[in-house]
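> what follows is a predicted structure for the sequence shown.
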Amino acid sequence: MATVLAIETSCDETAVAIVKNRHILSSVVSSQIAIHQKYGGVVPEVASRQHVEIVNHAIAQCFTESGLSWSEIDGIAGTCTPGLVGALLVGLTAAKTLAIVHEKPFIGVHHLEGHIYASYLSDPDLEPPFLCLLVSGGHTSLIYVKACGQYEVLGQTRDDAAGEAFDKVARLLKLGYPGGPMIDQLAAQGNPKAFPLPEGQISLPEGGFHPYDSSFSGLKTAVLRLTQKLEATGEPLPIADLAASFQATVVRALTKRAIACARNYGLDTIAVGGGVAANRGLREQLKIAAEPYQIKVLFPPMKFCTDNAAMIGCAASEHLDRGHASELSIVAQSRLPLSEVMSLYRV
Ligand code: KG4
Ligand code: ZN
């Protein structure tokens, strides 16, 4: 089984890991949250510069932690899509350069395939097929995982990602960035039924609604209007009730779609990934909703839900074992449909 050095720099975490199959030999994650906090969100140019500062130190630290030498590395992986192009370029160029210098195969990895592989790190016995609910700051997708490199996106958001909605609502409630953890905490003290809020639905041309696609931008606007109305009364804002009502609406939308999807496709496991998988409301409600249908719900530990390079290495290790490696000419791309993952490899 292939031992892979993986580099992930698609957004605001500089991460490097050495992974053998589903086993982590070392993993370093350097978060830039504190740097971007003062801007209220990720500033792409600042992120790229920070990756440049950190990446070499993180690679060195991974070798120290694992005790391995270059001769024990079978391949070098880098996240090449989707993400901020300037940020992706730093890790991708580092990975390609190391592959040339050390004469190893290079494996470009799709970031979302990495998030899917995070579930294998926490549950090494997990095997496809299963449904992956990927909910992060940039993505909200329901993915039918069929095999390595074979994915079908069954549902996704048509506008804001779930984490983005948490961040935007937190900003309008003046709770700071990132907003998810703050709203999660406040929601625990509030009444989720205090304010009925609209769960975004996607109308179909033939009538009815899309069963798996979601929309969160209308919900964010509804919270904005409600907040403005409440502020006009001159009373202090019922922040906890607002947070609880907003969170319950997002959780209901995600839970309903994930369960419908798993049932309609006959999948008995839902693996959740991405930063929003930390949300206590989602953890609780999805488990409750899945129970009557004997659907198993897997929530990886937080260190695997948020961005890391171990998940990228885990995906790369399996690709390499199957003889999939990338040309050095592949480029950093802001987007690539998950269904086109295999275009990254010459098989
Ligand atoms: O996966 P991630 O670390 O980064 C990417 O977007 O790729 O996810 C970050 C997102 C942020 O939007 C953050 O607000 C959200 O995950 N998040 C949460 C919680 N913890 C982090 N959202 C809801 N509840 C939480 N406890
Ligand atoms: Zn991510």
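Good, I have the coordinates. Residues are numbered from 1 along each chain as shown. Ligands and ions are numbered 1, 2, ... in the order given.

> which strand or helix spans whichever residue of the stretch 201-347 of the chain sits closest to ligand 2?
Distances between the stretch 201-347 of the chain and ligand 2 by CB to the ion are smallest at Asp307, namely 4.4 Å. Backbone N, C-alpha and C define where each C-beta goes, glycine included. Counting by DSSP states H and E, there is no helix or strand that carries Asp307.

> pLDDT score for it?
The confidence metric pLDDT takes the value 93 at Asp307.

> what's the spacing between it and ligand 1?
From Asp307 over to ligand 1 the distance is 5 Å, taken as CB to the nearest ligand atom, to the nearest Å.

> for the chain, just list every one of the helices.
The residue ranges that make up the helices of the chain, judged by DSSP state H, are 33-37, 44-66, 85-101, 111-122, 162-172, 179-187, 217-232, 239-264, 280-290, 302-305, 310-321.

> the residue of the stretch 101-250 of the chain found nearest ligand 2 - nearest residue in space that isn't next to it in sequence?
Distances from the stretch 101-250 of the chain to ligand 2, computed as CB to the ion, single out Ser136 as the nearest residue at 4.7 Å. In this structure, Ser136 finds its nearest non-sequential neighbour in Gly274, 3.2 Å apart by CB to CB, 6 or more residues apart in numbering.

> what's the burial count for that neighbour?
By other CB atoms under 10 Å, the residues close to Gly274 number 26.

> again, but for Ala77
Number of residues near Ala77 (other CB under 10 Å) recorded here: 34.

> the one 5 residues further on too?
Other residues near Pro82 number 21, with proximity taken as other CB under 10 Å.

> give the contact list for it.
Contact partners of Pro82, counting by CB atoms under 8 Å, 6 or more residues apart in numbering, are 10, 110-112, 138, 333-336.

> I'd like those as a markdown table, with neighbour count and distance to Gln185 appended.
Converted to a markdown table, the contacts of Pro82 look like this (neighbours: other CB atoms under 10 Å; distance: CB to CB, whole Å):
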| residue | neighbour count | distance to Gln185 |
| --- | --- | --- |
| Ser10 | 31 | 27 |
| His110 | 26 | 33 |
| His111 | 24 | 28 |
| Leu112 | 28 | 28 |
| Gly138 | 19 | 22 |
| Gln333 | 16 | 36 |
| Ser334 | 11 | 33 |
| Arg335 | 8 | 33 |
| Leu336 | 17 | 35 |
